[in-house]
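>>> sequence and predicted structure are below.
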Amino acid sequence: MEIWQEISADQERGARRLVAECGDRMFTAAFLLCRDRNLAEDLVFRTFTSAVRKIGQYNEKASFYSWLYSILLNNYRSDCRKKKFETFESGEMPEDAASAWGEVHDPLAADDAQVVRRAVQSLPDSFRDVVVLRYFEDKSLLEMAEILSVPLNTVKSRLRLAQERLNAMLVNLFDNYNNKEGRRN
Amino acid sequence: MNCQECESLFDDMIDRRVKEPMRRRMELHLSRCGHCRSVLERRRKSHALMFQALNGAVGDLHLPKDFADRLVAECRRRPKWSLPALPKWALIAASLVIMAGFVFAAVEVIEAVAGSSDEGDRGTVPAPLAESAAPISDNPPAPDDTTAGSDPPIAPDGATAGNDDSITPISTTDFQHMKNQGEEVMKKVRAAAARLTVAMGTALFATANGEEYQFIISGDPVAAETVGSASASSATLALTSGTLAEGFVLAASSFEARSRTLGESAMRALRSDKFRGITIRIR
């Protein structure tokens, strides 16, 4: 049974499964976006609450996960507008973001992964959502336009600007990675 | 194909989404252009690196252990006040009271827009709107207030009103667009005013509660017309107040051609970056 079917059939079981299967992933996305663990947790909480309550509105046209994502991003953007959390133009970050990642369990050198995450979190608000969709969720430009409900060209130009900023911050890292890859081949 | 065209397709190429014959043209260009080849290769590797670095974080952050319990408890609890909790007549009555002001304000704006000269002057918002189109308060009122139909849950709110007391002027393009649509929209709004009042009132109730609201109306052309008008006027309202229709979601499964025009003009208006939170889905 799909998660959304389970939520419709048995709200409690479905909600628990939602947390078990999508919780940590959504939490990570939320943290990349809002850079504060408490706010990220709150964001995920509100997203899941409305997903469970409005499960009847889910139609199978989009994947369930994309649907969750659009709720998360709508909540996030409305928080941004209400200035629920501090916004940083660029370069700066709250303490939490700098320290939260802790140990890193991935095949990249721990430091590199952290550098990338921090670079993402130091982007201005309007770029972080496209970056998270593109690189964390691996969405295509069309899917991003749908989730963000903006025209494709808006997605393209925002992503390009974000990529330029990331390139500027991560140029050394990308170079190293390219060279390493090159040697391996 | 030149380098610029080629580069614009890099993201699609990384996703393997470039279709024939574009793909062939692109490959031909890549086979001849060392610059594009190396940029694409670099982009591919950066993409992989970013993907790996961000996804590697999933194991690092965990929701607290009691998260699921809290979620279950919250979902069981009725929202502080919810639509199903109110009797239907109370909802409709309260909606009428609340919405009358908005609808008339909308008609007035549209009239002002439609009636003004062709010189492309900026639309200024007529006085009555300033009063009725104040942003909705963050905190929904207690059910008693609304069932009594006395005080609509509309309160000027410092937190949501970024634009002091006045209302942001409509930009020239949006204004032109609304102006062109104005005459037509006005007829629609008037014709559907009563139904629209109820429909939008209901939606705004939900919106005031911080939730998004979705209309699903199918088949019936009258209903489709209502939705068309509702989306057009909510666009007007959103344009003038900026906060009004936040999170407002409209969906209609069937549309008459003329309603579609209205719905699409509303969507275009709402798609402007200023109102990013507003979604209208038409299917």
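Received it, and whenever you're ready, just let me know what you need.

>>> so how far is residue A:73 from the residue nearest to residue A:32 when sequence neighbours are not counted?
Counting by Cβ to Cβ, 6 or more residues apart in numbering or on different chains, residue A:132 is the residue found nearest to residue A:32 once chain neighbours are left out, at 5.2 Å. Placement of C-beta: from N, CA and C, glycine included. Computed as Cβ to Cβ, to the nearest Å, the residue A:132 to residue A:73 distance reads 9 Å.

>>> cool, and residue A:139?
Relative to residue A:73, residue A:139 is positioned 11 Å away (Cβ to Cβ).

>>> identify the contacts common to the two.
Contact criterion Cβ atoms under 8 Å, 6 or more residues apart in numbering or on different chains; residues bridging residue A:139 and residue A:73 by contacting each: residue A:147.

>>> can I get the CA coordinates of stretch A:112-119 in PDB?
Coordinates of each C-alpha in stretch A:112-119 appear next as PDB, following Å, rounded to 0.1, in the frame of the first residue of the first chain:
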ATOM      1  CA  ASP A 112      34.100  18.500   1.300                       C
ATOM      2  CA  ALA A 113      30.500  17.600   2.000                       C
ATOM      3  CA  GLN A 114      30.300  20.100   4.800                       C
ATOM      4  CA  VAL A 115      31.800  22.800   2.700                       C
ATOM      5  CA  VAL A 116      29.100  22.100   0.000                       C
ATOM      6  CA  ARG A 117      26.200  22.200   2.600                       C
ATOM      7  CA  ARG A 118      27.500  25.400   4.100                       C
ATOM      8  CA  ALA A 119      27.800  27.000   0.700                       C
END
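
>>> please compute how far that stretch lies from its chain's middle.
Its chain's C-alpha centre lies 14 Å from the corresponding centre of stretch A:112-119 when counted by Cα atoms, centre = their mean, to the nearest Å.

>>> stretch A:121-130 now?
Here the centre of mass of C-alpha atoms in stretch A:121-130, compared against the chain's by Cα atoms, centre = their mean, lies 10 Å away.

>>> pLDDT of that stretch, averaged?
On average, the pLDDT along stretch A:121-130 is 87.

>>> quick one: is the helix or strand in which residue B:45 is found near chain A?
Residue B:45 belongs to helix B:34-55 when assigned by DSSP states H and E. Yes: under the criterion of Cβ under 8 Å from any Cβ of the partner chain, chain A is reached by helix B:34-55 at B:42, B:45, B:46, B:47, B:49, B:50, B:51, B:52, B:53, B:54, B:55.

>>> in CSV: these, plus neighbour count and pLDDT.
Formatted as CSV, the entries for these read as follows, by neighbours: other Cβ atoms under 10 Å in any protein chain shown; pLDDT from 0 to 100:
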residue, neighbour count, pLDDT
B:42, 16, 88
B:45, 16, 88
B:46, 22, 88
B:47, 18, 90
B:49, 22, 88
B:50, 24, 90
B:51, 16, 90
B:52, 17, 88
B:53, 26, 87
B:54, 24, 88
B:55, 17, 87
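
>>> going by proximity to chain A, name the top residue of chain B.
When you check chain B against chain A by Cβ to the nearest Cβ, the closest residue turns out to be residue B:56, at 2.8 Å.

>>> that residue: how many residues sit nearby?
Look at residue B:56: counted by other Cβ atoms under 10 Å in any protein chain shown, it has 22 neighbours.

>>> correct me if wrong: it contacts residue A:113.
Yes: in this structure residue B:56 lies within contact range of residue A:113 using Cβ atoms under 8 Å: 5.1 Å.

>>> hmm, back to that, touching, the residue nearest to residue A:32 and residue A:29? I think so.
Yes: distance between residue A:132 and residue A:29: 5.6 Å, which falls inside the contact criterion (Cβ under 8 Å).

>>> who's more crowded, those two?
Legend: neighbour count by other Cβ under 10 Å for residue A:132 and residue A:29, higher for residue A:29 (29 against 25).

>>> quickly find the element holding the more buried one.
In this assignment (DSSP H and E), residue A:29 forms part of helix A:11-34.

>>> quick one: mean pLDDT for that helix?
Regarding helix A:11-34, the rounded mean pLDDT is 92.

>>> so what secondary structure elements neighbour that helix?
helix A:3-9, helix A:37-53, helix A:64-81, helix A:110-121, helix A:125-131, helix B:67-76 (3 or more Cβ pairs under 8 Å, 6 or more residues apart in numbering or on different chains; DSSP states H and E).

>>> that helix vs helix B:34-55, what angle?
Going by axes from the mean of the first three to the mean of the last three Cα atoms, to 10 degrees, helix A:11-34 is angled at 130 degrees with respect to helix B:34-55.

>>> and the angle from helix A:11-34 to helix B:67-76?
Using the same axes, to 10 degrees, one finds that helix A:11-34 and helix B:67-76 are set 110 degrees apart in direction.

>>> buried ones in helix A:11-34, by neighbour count?
Judged by neighbour count using 16 or more other Cβ atoms under 10 Å in any protein chain shown, the buried positions of helix A:11-34 are A:11-12, A:14-19, A:22-34.

>>> ditto for stretch A:73-82
Residues of stretch A:73-82 classed as buried: A:73, A:74, A:75, A:76, A:77, A:78, A:79, A:80, A:81 (neighbour count, 16+ other Cβ under 10 Å).

>>> which residues touch the third one?
For residue A:75, the contact set (Cβ under 8 Å, 6+ apart) comprises A:43, A:46, A:47, A:50.

>>> and if you look at the fourth one?
Residues in contact with residue A:76 (Cβ under 8 Å, 6+ apart) are A:30, A:33, A:34, A:43, A:129.

>>> residue B:27: which of those is nearest?
Closest approach to residue B:27 among the contacts of residue A:76 (Cβ to Cβ): residue A:129, at 32.3 Å.
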